[in-house]
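[1] Got a sequence here, can you build the structure:
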Amino acid sequence: MSHQRFAEVIADIAAGLPPDHITAWAGVLRQAVASDSTVVTALIDARAGFSIAAPAERLASAWRHEAPDLPGSAVALALRSAAVLHQRTDAQRTELAVSGPTSASVPVRLTSSVVVEVIRAARARLLVASFAAYGVAEVIAALRSAAERGVRINLMLESSAEDGGALRGSPGAAATFAALRQQAVFWHWPAARRPATGRSRAALHAKFIAADDTVALISSANLTDRALTHNVEVGVVLRDPELVRRLVAHFRALCDPQVGPLERLPDHAPTRCSGMDRP
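    Next up is the predicted model:
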């Protein structure tokens, strides 16, 4: 007998039930021999809740018609297994982060809030990249707090045109983070290592923040007050450790002193430099 339809019902119910309902229902199902008239009542009584009768009836009916050969213990295990998979997926779910006007189309997070949240999530290492930077007092305060709790901070920032970068009419993004000169490692892309097309050089244009190897924000927003709040910007929050590790590994390679194009700013040397010479 094929249990495909029953498996789909189990997956749908596991996705919609709170964890405490899953636990209570699994306890009921383990004691059930088969799906009879008492199962629905027992499920509803196990954990009361709004609109809980419909999924209880759906589960019992699918068990009775699609998989009557399965014992209650197997149904309970299937329900708990599906719930665990849903929880793991939710933990790694990608979120949207926006600046500027919002809409009712999809749930989103504000870029300014997400930036601080990601910084506060770091326990060992922070990797920050931005093309432009200006203001952002709250971000600087969050970075200083991270440094004070022992987080290694690496800032990859674009330079001014006068220093070989692509920022015109600006002192360079590093100037905004001057308060962190003794608490973070600053990286730039020397002009001599940049490809050029005519008179135009390539730019350090990436904008992201990665906390450890667990969460990262990749955004169109620079670290400026206007970009984090008023501009129309969009980004994604990654909670997939494998993707975050690959992102961090790429920029670690760019900072490799033997082959990487990025270079430490010599006048931004942290006093606590142990373990901070690379991202």
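[2] got the residue ranges for the strands in the stretch 1-150 of the chain?
    Along the stretch 1-150 of the chain, counting by DSSP state E, counting those that start in this stretch, strands occupy 95-99, 109-110, 125-130, 133-134.
[3] deepest of these, which one?
    Highest mean neighbour count of the strands of the stretch 1-150 of the chain: strand 125-130, a mean of 24 (counted as mean count of other Cβ atoms under 10 Å). Bear in mind the C-beta positions are built from the backbone N, C-alpha and C, glycine included.
[4] Look up phi and psi at Ala32.
    phi -90, psi 140 (degrees, to the nearest 10).
[5] And the nearest residue to Thr102 once chain neighbours are set aside, how close does it get to Pro101?
    Nearest residue to Thr102 in three dimensions, chain neighbours excluded: Val108, at 6.1 Å (Cβ to Cβ, 6 or more residues apart in numbering). In this view, Val108 and Pro101 are 11 Å apart by Cβ to Cβ, to the nearest Å.
[6] Look at the two and report which has more neighbours.
    Counted by other Cβ atoms under 10 Å, Val108 and Pro101 do not tie: Val108 has more neighbours, with 16 against 7.
[7] Just the pLDDT for the more buried one.
    Note for Val108: predicted pLDDT of 80.
[8] for it, what are its contacts?
    Contacts here follow Cβ atoms under 8 Å, 6 or more residues apart in numbering; on that basis Val108 touches 95-98, 102.
[9] of those residues, closest to Val185?
    Nearest to Val185, judged by Cβ to Cβ, of those is Ala97 at 25.6 Å.
[10] Compute the distance between that closest one and Glu117, please.
    Distance of Ala97 to Glu117, given as Cβ to Cβ: 10 Å.
[11] What of Leu262?
    Leu262 is 26 Å from Glu117, where distance means Cβ to Cβ.
[12] Next: Asp20.
    Separation of Asp20 from Glu117 (Cβ to Cβ) stands at 27 Å.
[13] okay, the two: which has more neighbours?
    The residue with more neighbours, out of Asp20 and Glu117, is Glu117; 17 against 11, by other Cβ under 10 Å.
[14] Local confidence estimate at the more buried one?
    Reported pLDDT for Glu117: 95.
[15] same thing with Pro279?
    For Pro279, the model assigns a pLDDT of 62.
[16] low-confidence ranges in the chain?
    Within the chain, the stretches with pLDDT under 70 are 1-2, 50, 91-92, 268-279.
[17] which helices and strands sit right next to the longest helix along it?
    In the chain, with assignment by DSSP state H, the single longest helix is helix 72-91. With contacts taken as 3 or more Cβ pairs under 8 Å, 6 or more residues apart in numbering; DSSP states H and E, helix 72-91 sits against helix 4-16, helix 19-31, helix 53-66.
[18] buried residues in that helix?
    If you call a residue buried by 16 or more other Cβ atoms under 10 Å, then helix 72-91 has these buried ones: 72, 75-76, 78-80, 82-83, 86.
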